[in-house]
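>>> Show me how the following folds:
(chains A and B)
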Amino acid sequence: MNRRLPLLITILLFGYAFLYIPIVSLIVYSFNESRLVTVWSGFSTKWYAELLQNGPLLSAAWLSIRIAALTATLSVVLGTLAALALVRFRRFRGRGSLEVMVTAPLVMPEVIIGLSLLLLFVAMENVIGWPAGRGMTTIVIAHTTFAMAYVAVVVQSRLAHMDLSLEEAALDLGARPIKVFFTITLPLIAPSLAAGWLLAFTLSLDDLVVASFVSGPGATTLPMVVYSSVRLGVSPEINALATIIVGLVAMAVLIAGYILWRQEKHGRSDNL
Amino acid sequence: MKLSSHLPPARNLIIAVPWFWLALFFLLPFLFVLKISLSEPVLAQPPYMDLIREIEDGFVTIVVNFSNYQMLLEDSLYLSALLGSLKIATLSTLFCLLIGYPMAYAIARSPAHWRLPLLMLIILPFWTSFLIRIYAWIGILKGNGLLNNLLMGLGLIDSPLEIMHTPIAVYIGVVYNYLPFVVLPLYATLIRLDLTLLEAAADLGCRPWKQFLLITLPLSMPGVLAGAMLVFIPVMGEFVIPDLLGGPNTLMLGKLMWTEFFSNKDWPLASSLAALLLLALIIPFVLLRHFERRAEEAAT
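Below is the predicted model of the structure:
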């Protein structure tokens, strides 16, 4: 094994360089003074100041955050129910179709999800008058539909590896099933619910394609603003925005990673 | 006793709520795609003619119109977009595997306490904005971008390489964004690999590269195929990457559908393109489900 170690380390170094050089370059040039993103002309934080004065971008960001929070919450509820159904109930009518409907959104091209949902919303509006027009509500529904599939995957793997004896003991001692669920099952799968919530939040915050299809004239999300600005060319303001996003994500992931790592350590010592 | 056996009324609710949500907002919409793909475009809001029309009081007629599909067959633009999507999806899947397999292998063979941080580093870029990661490559690849400046500064080239707005840029963007999707399933199969098999083979005189070809690779096939499908299927319909990094010559179905819908306002034609794309994806999707089930069985 030791003979191959240098090779493996080299592979990893190249792989991680490929993954991180673009992100590092974004961050570095967000502090560049020149508008030309690729020519270094001195340190400056003026693009952050300009970002904070960009009204349309800030209101789009606020709309995106609200959509993402709603989406994440709805997705955790629906995704957890789907995961419970698939892991806890071995046989039921509709199991096969539920399995397919939970897997398919993970890979379904966004253009198809977006177009098909738009056509559904238009038809529903014609027939039952709801949703009246398109905007925040339709975007939340669309995002929840694909984000809940990701939540279901995360929660499913946690449920599958859960120790059932605690639940059984509580039931044998006479606890009501609903109480067992809320006092034992839910706390045990809580880390996966948190991970699922964050994942759904990020997916929603990041989505351009589906939102473009199902949004209306009044609702412009952050990715739509970024997209139209990127189409016009590179702009240091977008670099500044990217740096803020990367910073927030890195912080969240590091905290989550630390909690996971501690739990794994605990779990291991519990098993011993 | 089991918690699940106690909850007959709750049980039905637990199953029904996600089932109906997905049936309504994921499955049903496909029927509308099919329906609109068979209608005629008109200048109205919404811009298509309904299939079911009332001709007199109480009499209705259904007008089905196949001209959109006929157009897909006759205009070579759509066939080349399908072929373009297939080519880019196939080749970038291959590149992802070629880069992702060694990485997953190296992570799975690294010391146990390194694995979680290394995996986190693979996932971390995936959590930052997709759009912004593609944007980063524009700054690197364009004519006066970082890569060209670097290469010219080193004296390796005299004039800037033209990478931006070519298929090469699209491949780089796709591989960059989809790499985590192959590394994770590959890692999951490689970490479960029984190392005693390799030891036994080594004891019997099997050379390392032969061990890899005869044992490791075949046993990691479920991960290879799951990873391949996780890249291939979404890339077939990819819009953002070919739009921002590719040029006018990069023809892909997702991009064409976007143009028909947003620029030409031709909802019926966009729908028939979506139907075509769905049809092209059914086979890989069935394969994906098959390998997932196999992997699940192997895990239990």
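>>> For chain B, which residue gets nearest to chain A?
Taking CB to the nearest CB as the measure, chain B has residue B:237 as its residue closest to chain A, at 2.3 Å. C-betas here are computed from N, CA, C, even on glycine.
>>> who are the neighbours in contact with that residue?
Applying CB atoms under 8 Å, 6 or more residues apart in numbering or on different chains, we find residue B:237 in contact with A:108, A:109, A:110, A:111, A:112, B:85, B:253, B:254, B:257, B:277, B:281.
>>> one more time with 6 Å
Residues near residue B:237 by CB atoms under 6 Å, 6 or more residues apart in numbering or on different chains: A:109, A:111, B:254, B:277.
>>> Quick check: the gap between the residue lying closest to the first one once chain neighbours are set aside and residue B:270.
To tie it back to what came earlier, the one meant is residue A:109. What sits nearest to residue A:109 in space, not counting adjacent residues and going by CB to CB, 6 or more residues apart in numbering or on different chains, is residue B:237, at 2.3 Å. Distance from residue B:237 to residue B:270, counting by CB to CB, to the nearest Å: 12 Å.
>>> and what of residue B:134?
Residue B:134 is 23 Å from residue B:270, by CB to CB.
>>> neighbour-wise, which of the two wins?
residue B:270 (28 against 23; other CB atoms under 10 Å in any protein chain shown).
>>> Shouldn't that one be within a strand?
No - assigned with DSSP: H, G, I helix; E, B strand; the rest coil, residue B:270 falls outside any strand and is helix.
>>> pretty sure it contacts residue B:257?
Yes - Residue B:270 lies in contact with residue B:257 (CB atoms under 6 Å); the separation is 5.2 Å.
>>> Can you name the residues of the stretch 51-200 of chain B that neighbour chain A?
Taking CB under 6 Å from any CB of the partner chain as the criterion, the neighbours of chain A within the stretch 51-200 of chain B are B:102-103, B:106, B:116, B:120, B:124-125, B:127-132, B:135-139, B:144-146.
>>> So in the chain, where's the weakest helix or strand by average pLDDT?
Just going to use chain A. Ranked by mean pLDDT, DSSP states H and E, the weakest helix or strand in chain A is helix A:236-271, scoring a mean of 77.
>>> Oops, wrong one, chain B.
The weakest-scoring helix or strand in chain B, judged by mean pLDDT, DSSP H and E, is strand B:52-56 (a mean of 69).
>>> Give me the next element, helix or strand, following that one.
Downstream of strand B:52-56, the next assigned helix or strand under DSSP states H and E is strand B:59-62.
>>> What's the first helix or strand after that following strand?
Going down the chain from strand B:59-62, the next helix or strand is helix B:67-74, by DSSP H and E.
>>> which other helices and strands contact that following helix?
When contacts are defined as 3 or more CB pairs under 6 Å, 6 or more residues apart in numbering or on different chains; DSSP states H and E, helix B:67-74 packs onto helix B:267-299.
>>> Buried residues in the helix it packs on, which are they?
B:267-278, B:280-281, B:284-285, B:287-288, B:291-292, B:295 (16 or more other CB atoms under 10 Å in any protein chain shown).
>>> Over to stretch B:193-204?
Applying 16+ other CB under 10 Å to stretch B:193-204 flags B:193, B:198, B:201 as buried.
>>> can you check stretch A:179-189 too?
Result for stretch A:179-189 [16+ other CB under 10 Å]: buried residues A:180, A:181, A:184, A:185, A:189.
>>> Identify the residues contacting the residue nearest to residue B:243 when sequence neighbours are not counted.
In space, not counting the residues next to it along the chain, residue B:243 is nearest to residue B:255; the distance is 5.5 Å by CB to CB, 6+ apart. Neighbour list for residue B:255: B:239, B:242, B:243 [criterion: CB under 6 Å, 6+ apart].
>>> Secondary structure of residue B:255: a strand, I assume?
No - going by three-state DSSP, the assignment for residue B:255 is helix, not a strand.
>>> What are the boundaries of the helices in the stretch 1-150 of chain A?
All helices of the stretch 1-150 of chain A, identified by DSSP state H, counting those that start in this stretch, fall at A:5-30, A:46-53, A:55-88, A:95-107, A:110-128, A:136-160.
>>> Mind giving me the packing neighbours of the longest one?
Other elements packing on helix A:55-88 under the criterion 3+ CB pairs under 6 Å, 6+ apart are helix A:136-160, helix A:186-206, helix A:222-231, helix B:8-22.
>>> just the shortest one next, same as before
The criterion is 3+ CB pairs under 6 Å, 6+ apart, and the helices and strands that helix A:46-53 contacts are helix A:236-271.
>>> Does chain B have contacts with the helix it packs on?
Yes - on the criterion CB under 6 Å from any CB, helix A:236-271 is in touch with chain B at A:242, A:245, A:246, A:249, A:253, A:257, A:261.
>>> Show me the shaky parts of chain A.
A:1-4, A:37-38, A:266-272 (pLDDT under 70).
>>> What is the neighbour count of residue 46?
In the absence of a named chain, chain A is used. 13.
>>> That was the other one, I meant chain B.
Using other CB under 10 Å: residue B:46 sits among 17 other residues.
>>> Over to the one 3 residues further on?
One way to gauge burial is a neighbour count; for residue B:49, by other CB under 10 Å, it gives 15.
>>> for it, phi and psi?
Residue B:49 adopts backbone torsions of phi -90, psi 140, taken as degrees, to the nearest 10.
>>> ok, and the closest non-adjacent residue to residue A:45?
Nearest one to residue A:45, counting by CB to CB, 6+ apart, is residue A:31 at 6.5 Å.
>>> Distance of the most far-flung residue of chain B relative to its centre relative to residue A:136?
Here chain B reaches farthest from its C-alpha mean at residue B:57, the gap being 48.6 Å by CA atoms, centre = their mean. From residue B:57 over to residue A:136 the distance is 41 Å, taken as CB to CB.
>>> Could you do residue A:108 as well?
Distance from residue A:108 to residue A:136, counting by CB to CB: 23 Å.
>>> neighbour-wise, which of the two wins?
Using other CB under 10 Å, the more surrounded residue of residue A:108 and residue A:136 is residue A:108, with 23 against 17.
>>> where's the more buried one relative to chain B, distance?
The span separating residue A:108 from chain B equals 8 Å under the rule CB to the nearest CB, to the nearest Å.
>>> how much space between that residue and residue A:160?
With distances taken as CB to CB, residue A:108 is found 24 Å from residue A:160.
>>> And residue B:249, by the same measure?
47 Å.
>>> what's the answer for residue A:79, then?
Counting by CB to CB, the gap from residue A:79 to residue A:160 is 15 Å.
>>> These two: which is more packed in?
Of the pair residue A:79 and residue A:160, residue A:79 is the one with more neighbours under other CB under 10 Å, namely 30 against 14.
>>> surely that one meets residue A:147?
No - using CB under 6 Å, residue A:79 makes no contact with residue A:147, being 7.6 Å away.
>>> To what extent is whichever residue of the stretch 51-200 of chain A sits closest to chain B buried, counted in neighbours?
Going by CB to the nearest CB, chain B is nearest to residue A:109 of the stretch 51-200 of chain A, at 2.3 Å. Neighbour count of residue A:109, defined by other CB under 10 Å: 24.
>>> Kindly report the same for residue A:152.
Residue A:152: 32 neighbours (other CB under 10 Å).
>>> Roughly how far does it sit from residue A:81?
Separation of residue A:152 from residue A:81 (CB to CB): 9 Å.
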